[in-house]
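J.: Okay, sequence plus prediction incoming.
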Number of protein chains: 4
Amino acid sequence: MTVSREVELEGHIIDSGMMQRCFGIIMDMGGSFSVEEFEVGRHETDESYARMLVEADDLDQLQSIVHELHQNGANPIDPKDASVEPAPADQVVPHGFYSTTNHPTYVRYEGEWIEVENIEMDCAVVVEDGDDPRAYTKVLNAVEEGDLIVTGETGIKVEPPERPRGEQGAFGFMQGGISSERPSESTIRQIAEAIAETKAEGGKVLAVCGPALIHSGAREDLARLVREGYVDMLSAGNGFAVHDIERDLYGTSLGMDTESLDHPRHGHKHHIYAISEIIREGGIEAAVESGTLESGVMYECVDNDRPFVLAGSIRDDGPLPDTITDAVEAQNAIREQAREADMVLMLSTLLHSVAVGNCLPSTTRVVCVDINPATVTQLLDRGSAQAVGMVTDIGTFVPLLAEQLVGEDESDC
Amino acid sequence: MTVSREVELEGHIIDSGMMQRCFGIIMDMGGSFSVEEFEVGRHETDESYARMLVEADDLDQLQSIVHELHQNGANPIDPKDASVEPAPADQVVPHGFYSTTNHPTYVRYEGEWIEVENIEMDCAVVVEDGDDPRAYTKVLNAVEEGDLIVTGETGIKVEPPERPRGEQGAFGFMQGGISSERPSESTIRQIAEAIAETKAEGGKVLAVCGPALIHSGAREDLARLVREGYVDMLSAGNGFAVHDIERDLYGTSLGMDTESLDHPRHGHKHHIYAISEIIREGGIEAAVESGTLESGVMYECVDNDRPFVLAGSIRDDGPLPDTITDAVEAQNAIREQAREADMVLMLSTLLHSVAVGNCLPSTTRVVCVDINPATVTQLLDRGSAQAVGMVTDIGTFVPLLAEQLVGEDESDC
Amino acid sequence: MTVSREVELEGHIIDSGMMQRCFGIIMDMGGSFSVEEFEVGRHETDESYARMLVEADDLDQLQSIVHELHQNGANPIDPKDASVEPAPADQVVPHGFYSTTNHPTYVRYEGEWIEVENIEMDCAVVVEDGDDPRAYTKVLNAVEEGDLIVTGETGIKVEPPERPRGEQGAFGFMQGGISSERPSESTIRQIAEAIAETKAEGGKVLAVCGPALIHSGAREDLARLVREGYVDMLSAGNGFAVHDIERDLYGTSLGMDTESLDHPRHGHKHHIYAISEIIREGGIEAAVESGTLESGVMYECVDNDRPFVLAGSIRDDGPLPDTITDAVEAQNAIREQAREADMVLMLSTLLHSVAVGNCLPSTTRVVCVDINPATVTQLLDRGSAQAVGMVTDIGTFVPLLAEQLVGEDESDC
Amino acid sequence: MTVSREVELEGHIIDSGMMQRCFGIIMDMGGSFSVEEFEVGRHETDESYARMLVEADDLDQLQSIVHELHQNGANPIDPKDASVEPAPADQVVPHGFYSTTNHPTYVRYEGEWIEVENIEMDCAVVVEDGDDPRAYTKVLNAVEEGDLIVTGETGIKVEPPERPRGEQGAFGFMQGGISSERPSESTIRQIAEAIAETKAEGGKVLAVCGPALIHSGAREDLARLVREGYVDMLSAGNGFAVHDIERDLYGTSLGMDTESLDHPRHGHKHHIYAISEIIREGGIEAAVESGTLESGVMYECVDNDRPFVLAGSIRDDGPLPDTITDAVEAQNAIREQAREADMVLMLSTLLHSVAVGNCLPSTTRVVCVDINPATVTQLLDRGSAQAVGMVTDIGTFVPLLAEQLVGEDESDC
């Protein structure tokens, strides 16, 4: 069975984004719609009008959708009076009370539209009866037993602000973004599913990696993802590869336990040594073949034929033989990889992620993970059709992602 | 004289935000439009179609607008072939070259639409002539003398990504936000103009202030703004007032020069003393009247009858007699102020700005300044019709704002 | 068997921090020392002198310690010439090469101390033989086969910068802080051990919690830690408790799956409802007893008799009956709790963590977790004797901590 | 006249940093000292003892110093009883009250040392008389008229925490860092003085610049500093130079007013054009000579013979002919510049600042400015003898710095 209801939108409903938001709400909430009437404003000062039939599977769903549309300025047709109910006790609202937005709001009472005074978000609306009825907001705190509280969404009109006409200068029109707060584990689970899906469809996953991934202890789990085929290609800087190799070459040979958190005092010397050793061997692949390099992300790339691009930078201590030190050549290599990727994981590096992102079409799936919210915002701000950003710790993200994709690391057990 | 051109939009042009963006572009760039034909998709799977006449004052402006519309998926009607011009030298593009977006793109060549291969943003498009003509992107670097480079916007079609249907989970549809990088001094100038305008219209300006304002040395300049009438009301925490008062009471009496950056080693004791002294006097107003308090933001508020609300918090060292320590009472006082404000300056405090912002209708002008980008984002994310956020240093912002509004501080000369 | 070596320190070895750092190095690296001679500079312009015997269990350890002391300005006594070895190939250093600091450095060559030219950190030192021998740095890149590279630490003197005398103004003396990059999982393991240890000693653990903990999906794992007795007391704001309760009351009843990441469109109304419902019941404990509240952090606190303090704030939508809205009263309640705590976990809240931190003696163990590095720095900056800060995602931290302390959540299996 | 007082330190006074801090305090506050007795702990478990004579110019200064030493664990010799004074009113402390630290504290009362109960920072100490006298902390709030409050510093002992022996794992010993909150304008003034001083001594100033400097509107002011000789050398990336040049070439020619904040919709195309034009000219110097490039930072560098190094990166849209695209060659050029610099200004770029910083000896003066606190911390963390970091907006910093050094920009008037 399908239930339906007509709603109407009036005003600058396109350039204010109202119509777009309403279409999005219906689709996100699983309903459907047909536009029964549409009068578009012919000029930019004309208002537009739309009448839509919203359909849903059941009444609950329909009400949820209509409620949400209503909060965004779409009003049910054939308005009835708003319903009111007395507050059952001080500071207690009746079930189904109407919770305000911060936009200008009107309630229909005894056939008349009354403007709600002192509009403020997340309040109840109290109607004061009498010859000249009034409506005003009350915070929960101020609600008194017996107050006539507006309930439901019938008989309420909301007018979201419209985009100011003309040039705007510093003052912009704020439409409200997507909140970044999300349950971390559930988001990681969905990213894992998207990776698995991409692989199942024969797609390729490119991991773009910064050195923080190694410092934060996620090296072994990324190596597992490479080995198990969830990462097909790697893009990183010279430093990432050196840190990864250093862990293999010096992580235990000098008695330093990489698990113990003791500060490796010779750390930086090992860094130089690692470069020097790989140069002595003639490159990473040669070092794997000679048995010098036995584990880690770069090892797994070589061992499993996953191509990698290492780009040099002016802060490197010295390039590995595999590192492309010329920025133009490196960019060309990055471009080749980017074009082959169906999904890109940007893991705690701004420089390399921007370089890869510059070469991506807007149709490639993108996952961007960084502990710095500004980095995530900058990387997502490119009009990708499918993108997810997470402000989280790469040192906990990669282990939890690997756990989802390939199970618990047995070496821990 | 008015010039005009017809453009058309096809696809899910409403729920992808394409139509909204196009309307916004025309209005922002000073043009006007009339919608000549509009076929709205009746169901969510139907595509829509719009044909618009875009008008501008001169040809230059029209071309700018049409170019921008084109980047966002609106295509000129009656397409002609794309024009091409040979590159004058290696790595040099012809004037007027077409710079790509990262969306799927087609060029019209000899009457046929060819898809541009390897699409990537900020590239040139090279057309390879022949029986089977091809078009592909080239970065500036790779451009060779004689390459046929596409110029102008004629004969080019761009298809921005559409909002995926159905529920989205972690992966969202990214539309591209507003970049936060802005010229600091020019932005401050525009904020000053908006304040002056608000005052000229008889409006009231509420300043919401955090203690960093005092620490960063902006106290004297805020005091000037209060004195000169550019700030009508103040909302802050107990700590703000105590720091402000401490500067007056102990800034010089113990021989410490607040300009010298010498760390005031007794600083925290002075903080407690300041509270103790004001309690001894019976409150801030009494301290001004007795001559104990002689300068600063709180002094100017009392001396010029600008009402202030001080709210207590669990991290205070002790409340002043003027501080409202009960959160509910404080909120009520904040609400009163917020309702009277026509413009709110949120100056480096998240807690108090959220408290005030919760009580504001979406029609109040808001300026939000903080050095932490996350704070600015959170505060602007409320659907205000006119808002500006600045990620800057409050210690340089307030002096530069005061310079704009009331001129150089004479006491410095 | 014990091995030992004499080293000496000269200069302003106390106020430059050199002596403190050297003592710290020896202790951290498992060695021991005795001071054999100590001449303290009697006045602030006099230099000091110290001669120490450093002891270790074996030669390897001794060399590591002496190397590290040496990097910090302590020089082995009875200097011999520096040893040099030719580079085996271009860009390859001999094993045991000396890696430079950025401090002025001298090498002893043929009985003479030569200053190393162009000092720069992480370089090799090349000695150029001849009548007038020179020593200078070379980056790995520039090393040529046959270059005489200094190896080992013998015959090398390093002079770390000294604290400038007199007032410093803006320019401070930088001693080098502790890097914040740490392996995340290993750090969490050590925090879990410290909690277990505190509990084993009969100590009490106080958790100070911000609402981000709930938003990021860590609620169930914190509830487990409360139930299993790893958290004895809770300190939070009104918002934390309301979010926690809202999950219980509305997390499933309206069909919204909290695991699915679907945006709970009615979310904020639920927030107000949750407050209203608890007010109707008369408080959190009453709601647990009546069976209205059946899960979550607050539920476990009530069910397991873990005392909690909820403080109100000016941004609350409305206080629960349990919330202390007066800042002074709330502070007193926080103080009581803080004094009983042997270990404090500060979990993604600046306001409440500062409030609790203000009341703690410097002997209480502190763990501070936040995704914002500035918050972690501010909270740790209080001279605690035992403290650890982690810049990580609370939504992955709490689950991983709970996994360490009480094992995998069975309800997930 | 000189006044003096003896103080003593006991415990692990070197490795806890206590002695270093005390020496630093005396020097910073303008006093002097002589060490009259020093018993160094011969082994790491032995405690040390020092007796010092602290001298100052007058009694006020001496008291300030001794107070500060005392807060850090140095206790005056020949202890007398603590002085106490009744509180004059509720919530009011007597003048000269003792404000607590959070370390274990003892007061001497009637000849006996009593431990202060419930120690907590920033409290008063109340002594309760009687057979068994007690001492405990009270927050200002709780002080009642007549309470016997400890005043002055006589008869009080403080025991700062000592560094735990042995390895530390995750839990570190926190000594308290330097707070970053500083008056912005005063700090800028001191930086200006240091630049002027460096120039007066014949030194050279190297500016390391990121593109945010141009975006934020500070281009003209940096150009003035180059022209007037306050910046001798420039180090930057390709993007910085291109943005600077684009402003000159396209800032006004297309009718866009760079002051108006109107979003330059063709902005990115101009970026590519700017590169293309300079390639056409053959380089920046050639473009200046031909009159194509007429203003800005790069123009002033060429016109005033200030050498610059431009390094390429993988996110460039295309290198200028002047840009060194090979990372190793670029590093060598950076190294040359760094060695000649006597003072380095690091202006809102992490990548280039690290590259330059890697090549600097610890004796070079460093100024580091960025809006991201993490960048400032990372850059200062290198043991420089003279360094200042500022978390501020580069778009307001450079104008205010230029105003200090070369006066108001006349072109504004």
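T.: Looks like it came in fine.

J.: quick one, phi/psi of the most far-flung residue of chain A relative to its centre?
T.: Distance from the C-alpha centroid of chain A, by C-alpha atoms, centre = their mean, peaks at A:Asp131 (51.3 Å). Backbone torsions for A:Asp131, taken as degrees, to the nearest 10, come to phi -60, psi -40.

J.: in the stretch 1-150 of chain A, what spans have low per-residue confidence?
T.: Applying pLDDT under 70 to the stretch 1-150 of chain A flags the ranges A:1, A:42, A:44, A:78.

J.: Now it against chain D: closest residue?
T.: Nearest residue of the stretch 1-150 of chain A to chain D (C-beta to the nearest C-beta) works out as A:Asp15 at 16.7 Å. For glycine as for every other residue, the C-beta is placed from the backbone atoms N, C-alpha and C.

J.: on contacts alone, who are the packing partners of the lengthiest helix in chain A?
T.: The longest helix of chain A (DSSP state H) is helix A:184-200. Applying 3 or more C-beta pairs under 8 Å, 6 or more residues apart in numbering or on different chains; DSSP states H and E, we find helix A:184-200 packed against strand A:205-209, strand A:343-347, strand A:365-370, strand A:387-391, helix A:394-406, helix C:394-406.

J.: close to chain C, is stretch A:134-147?
T.: Yes - legend: contact between stretch A:134-147 and chain C by C-beta under 8 Å from any C-beta of the partner chain is shown at A:139-141.

J.: can I get the CA coordinates of that stretch in CSV?
T.: Extracted in CSV, the C-alpha atoms of stretch A:134-147 (Å, rounded to 0.1, in the frame of the first residue of the first chain):
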residue,chain,number,x,y,z
ARG,A,134,-0.5,35.0,20.4
ALA,A,135,2.1,32.3,19.8
TYR,A,136,5.7,32.4,21.1
THR,A,137,8.6,30.1,21.8
LYS,A,138,9.4,28.7,25.2
VAL,A,139,12.5,26.7,26.2
LEU,A,140,11.9,23.4,27.9
ASN,A,141,12.9,25.0,31.2
ALA,A,142,10.2,27.6,31.0
VAL,A,143,7.3,25.3,30.1
GLU,A,144,4.6,25.4,32.8
GLU,A,145,1.9,22.9,33.4
GLY,A,146,-1.1,23.7,31.3
ASP,A,147,0.7,25.8,28.7
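
J.: how distant is it from the center of its chain?
T.: Its chain's C-alpha centre and that of stretch A:134-147 lie 37 Å apart, by C-alpha atoms, centre = their mean, to the nearest Å.

J.: tell me the domain ranges of chain A?
T.: Residue ranges for the domains of chain A, per automatic domain parsing: A:1-76, A:78-162, A:171-407.

J.: distance between the last one and the chain's centre?
T.: From the chain centre to the centre of domain A:171-407 is a distance of 19 Å (C-alpha atoms, centre = their mean).

J.: which element is A:Val288 on?
T.: Of the helices and strands defined by DSSP states H and E, A:Val288 is found in helix A:284-289.

J.: Give me the next element, helix or strand, following that helix.
T.: Once the chain leaves helix A:284-289, the next helix or strand it forms, by DSSP H and E, is helix A:297-303.
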